[in-house]
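**Q** Below is the sequence, then the predicted model.
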Amino acid sequence: MARIKRKKPFRPRCKYCRTNRHIVPIVYGLHPNQELLEKEQKGEIILRGIARSVDAPNWHCKACGNEFLR
């Protein structure tokens, strides 16, 4: 019986903490659905406003609060 290898989602390292354990993605959008709202309540993602500018951060470190681009 073959084992199924599950790939972990990519998470970059925080420049300050030097770890990727506390990194969550930042999601931008106008109308979040129920699934996204539940993930935000669990702390798996961060929801932001409508528009995303070119230099807006897309990752958040829950340990130190740093937000950064990949």
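**A** Received it, and whenever you're ready, just let me know what you need.
**Q** residue ranges for the helices of the protein, please.
**A** 34-42 (DSSP state H).
**Q** Of all residues in it, which one is nearest the centre?
**A** Nearest to the mean C-alpha position of the chain, by CA atoms, centre = their mean, lies Pro25 at 1.1 Å.
**Q** and it, what does it touch?
**A** Taking CB atoms under 8 Å, 6 or more residues apart in numbering as the criterion, Pro25 is in contact with Ile45, Ile46, Asn58, Trp59, His60. (Glycine included, C-beta is placed from N, CA and C.)
**Q** ok, 7 Å please
**A** Ile45, Asn58, Trp59 (CB atoms under 7 Å, 6 or more residues apart in numbering).
**Q** Residues in a beta bridge with the closest residue to the second one other than its chain neighbours, which ones?
**A** Translated: Asn58. Nearest residue to Asn58, sequence neighbours excluded (CB to CB, 6 or more residues apart in numbering): Ile26, at 5.2 Å. Assessed by DSSP bridges, Ile26 has beta-bridge partners Ile46.
**Q** List the residues that contact the closest residue to Glu67 other than its chain neighbours.
**A** Once flanking residues are discounted, Glu67 sits nearest to Pro57: 3.7 Å by CB to CB, 6+ apart. Applying CB under 7 Å, 6+ apart, we find Pro57 in contact with Ile26, Glu67, Phe68, Leu69.
**Q** what does the model give Pro57 for pLDDT?
**A** Looking at Pro57, its pLDDT stands at 91.
**Q** Tell me, how many residues neighbour Val54?
**A** When neighbours are counted by other CB atoms under 10 Å, Val54 registers 5.
**Q** How about Cys14?
**A** Neighbours around Cys14, by other CB under 10 Å: 22.
**Q** Would you agree it is in contact with Asn66?
**A** Yes. Between Cys14 and Asn66 there is a contact under CB atoms under 7 Å: 5.5 Å.
**Q** before we move on, the earlier item: buried only: go through the contacts of Pro57 for me.
**A** Ile26, Phe68 (16 or more other CB atoms under 10 Å).
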